[in-house]
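Colleague: Need coordinates for the below:
(one chain, ligands or ions: 1)
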Amino acid sequence: MLNNLQHQKIVIAGGSSGIGLATAKLLLAQNASITITGRDQSKLEKVKNEFPTLKAVHLDSSNTQSLQKFFSENGTFQHLVIAVSGAKGGGPFSTLSLADLREGFEAKFWAQLQTIQAALPYLQKDGSITTVTATSSSARLPGTSGLAAINGSLEIMVPILAKELQPLRINAVSPGVIDTDWWNFLNEQDKKATFEQFSKQVCVGRIGKPEEVANAIFSLISNTYINGTILSCDGGLK
Ligand SMILES: NC(=O)c1ccc[n+]([C@@H]2O[C@H](COP(=O)([O-])OP(=O)(O)OC[C@H]3O[C@@H](n4cnc5c(N)ncnc54)[C@H](OP(=O)(O)O)[C@@H]3O)[C@@H](O)[C@H]2O)c1
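Modeller: Numbers count the residues shown, from 1 in each chain. Got it, this is the predicted structure:
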């Protein structure tokens, strides 16, 4: 059965840019009731100005108390999408800063788990959770062992949570290299070179767009028979 998302309440944690924002736009077009969260107030205000029907809330997913307060005030809702992360934890293992990797875990693994736990009491049982992981979990690319650990840890929990939380559904979308602000730790020249390099490793010959990942997220939310699944959206990255 396909879920009609019209008027359904959907929270997108990390919805002020990139994949989360593309998902918000797609779901707004379905007349869903969207709340996005993020930490940078100016990004939230920009989105709110462009899409006045959406709610934009300042919320740090690494702060448990703020999460609990937000979800108790938000009340019952149907779907949670989680697109939060930092960008630390990448690089060759021999020189990888373990302090950076810890930060990477804090910003993505722990922030995502905290968000799910805080949301659970308010999620309707016929609803869903969709978390955004990364194809680094399985692509076996040199320089991504730390990112693989963060994202693999999340992905390995998904099928187990599907059993524990049933009938509430939980899935993950695992993107490849996508052109978003996530890459802004690189200067323009390095970003261009990195994207060109990855394009050669992707079967479709290019990096991805946030709208393509948003479409994958939409499939998982709307198809009520998909559960406990990790859906790759990486153009065939090898
Ligand atoms: N882009 C890629 O190539 C790629 C590949 C694989 C996986 N992913 C994953 O895709 C997800 C979305 O990333 P993206 O590429 O769309 O990057 P992005 O444009 O940087 O989006 C990240 C979003 O999360 C928010 N955010 C980050 N930390 C947060 C926190 N602690 N609390 C609340 N909001 C937070 C950001 O807003 P603020 O900065 O205002 O907080 C922003 O709205 C991430 O989990 C990332 O790891 C991305």
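Colleague: Every contact and neighbour count from this point should use C-alpha atoms.
Modeller: Will do.
Colleague: Buried residues of the lengthiest helix in the chain, list them for me.
Modeller: If each helix of the chain is counted by residues according to DSSP state H, the longest one is helix 145-165. Neighbour-count burial for helix 145-165 flags 145-152, 154-155, 158-159, 161-162 (criterion: 16 or more other CA atoms under 10 Å).
Colleague: Kindly present the residues you listed as TSV, with separate columns for pLDDT.
Modeller: As requested, the buried residues of helix 145-165 are arranged in TSV below (pLDDT from 0 to 100):
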residue	pLDDT
S145	98
G146	98
L147	98
A148	98
A149	98
I150	98
N151	98
G152	98
L154	98
E155	98
V158	98
P159	98
L161	98
A162	98
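Colleague: Dump those residues into a markdown table; add distance to F218 as well.
Modeller: Below are the buried residues of helix 145-165 laid out as a markdown table (distance: CA to CA, whole Å):
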| residue | distance to F218 |
| --- | --- |
| S145 | 29 |
| G146 | 28 |
| L147 | 25 |
| A148 | 24 |
| A149 | 26 |
| I150 | 24 |
| N151 | 20 |
| G152 | 22 |
| L154 | 20 |
| E155 | 18 |
| V158 | 17 |
| P159 | 19 |
| L161 | 20 |
| A162 | 18 |
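Colleague: Tabulate those (TSV), appending distance to the ligand.
Modeller: Written out in TSV, the entries for the buried residues of helix 145-165 read as follows (distance: CA to the nearest ligand atom, whole Å):
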residue	distance to the ligand
S145	14
G146	12
L147	9
A148	10
A149	12
I150	9
N151	8
G152	12
L154	11
E155	12
V158	15
P159	18
L161	19
A162	20
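Colleague: which of these lies closest to K192?
Modeller: Lowest distance from K192 to the buried residues of helix 145-165 (CA to CA) belongs to L147, with 20.8 Å.
Colleague: From what I see, that closest one and G90 are in contact.
Modeller: Yes: because the distance of 5.8 Å satisfies CA atoms under 8 Å, L147 is recorded as touching G90.
Colleague: Overlap in contacts, those two.
Modeller: The overlap between the contact sets of L147 and G90 (CA atoms under 8 Å, 6 or more residues apart in numbering) is empty.
Colleague: Where do the helices of the protein begin and end?
Modeller: Counting by DSSP H, the helices of the chain are 18-28, 41-50, 64-74, 98-104, 111-119, 136-139, 145-165, 188-201, 210-222.
Colleague: okay, the angle between the longest one and helix 111-119?
Modeller: Relative orientation of helix 145-165 with respect to helix 111-119: 20 degrees, computed using axes from the mean of the first three to the mean of the last three CA atoms, to 10 degrees.
Colleague: and helix 145-165, what other elements does it pack with?
Modeller: When contacts are defined as 3 or more CA pairs under 8 Å, 6 or more residues apart in numbering; DSSP states H and E, helix 145-165 packs onto helix 98-104, helix 136-139, strand 169-175.
Colleague: List the contacts of that helix.
Modeller: The contact list for helix 145-165, computed with CA under 8 Å, 6+ apart, reads 89-93, 101, 104-105, 108-109, 133-138, 168-172, 227-230.
Colleague: All good on my end, thank you.
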